[in-house]
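> the following comprises the amino acid sequence and a computationally predicted model.
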Amino acid sequence: MATKNRKIRKKRGSRTCGGGSHKKSRGSGNRGGSGKAGGCKGKWTKIIKDYPRYFGRRGFKLPKEIKHVYNSINVGEIDEIVDELLLKGIAIKDDGKIIVELSELNIEKVLGGGRVTRPLIIKAQRFTEGAVEKIEKAGGKAVIEE
């Protein structure tokens, strides 16, 4: 059909362009929603060209059974609570060094945040490189438990 014969050309000057009451085209439902909503309809080529990664799923997620989140603590926090641990009997003072077993606190990993001000011998399942470095710099030792 020729453009000059289309109905919309004839209705252009009017308020509603032949859509009935002006109240009908108020909400976002008239536009198919907000944002990119309604983009899966009709002409996909434009949508795919403009937003190539917008639709569909990509990548993968590990199942919760496989993913393991370690209970962790920073080296600086251990240094702060060492006095409390000594009082509770979780930590032991031996030959000027304090021995801390983190398995009793249900902590598996030691992270390298904070400062270590005294020599500590820390026993845990895992350590970050920064944590080992700070412990040894203060005159302590990082012991990996199995």
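Yep, that arrived.
> helix or strand right after the lowest-mean-pLDDT helix or strand in the chain?
Of the helices and strands making up the chain, the lowest-confidence element is helix 44-50, at a mean of 70, by mean pLDDT, DSSP states H and E. On the C-terminal side of helix 44-50, the closest following helix or strand by DSSP states H and E is strand 72-74.
> partners of that next one in the sheet?
Its sheet considered, strand 72-74 pairs with strand 109-111 (parallel) by DSSP bridges.
> and the helix or strand following the strand it pairs with, what does it pack onto?
Remark: after strand 109-111, the chain's next helix or strand is strand 120-124, criterion DSSP H and E. Identification of packing neighbours for strand 120-124 by 3 or more CB pairs under 8 Å, 6 or more residues apart in numbering; DSSP states H and E yields helix 75-88, strand 97-101, strand 109-111, strand 141-144. C-beta here means a position set from N, CA and C on the backbone, and glycine is covered the same way.
> and for strand 120-124, what's in contact with it?
75, 78-79, 82, 94, 97-103, 107-110, 135, 138, 140-145 (CB atoms under 8 Å, 6 or more residues apart in numbering).
> cutoff 6 Å now
Here strand 120-124 makes contact (CB atoms under 6 Å, 6 or more residues apart in numbering) with K97, I98, I99, V100, E101, L102, V110, G140, K141, A142, V143, E145.
> among those residues, which one lies nearest to T3?
Proximity of these to T3 (CB to CB) peaks at V110, which lies at 73.4 Å.
> T128: how many residues sit nearby?
In terms of burial, T128 registers 17 neighbours under the definition other CB atoms under 10 Å.
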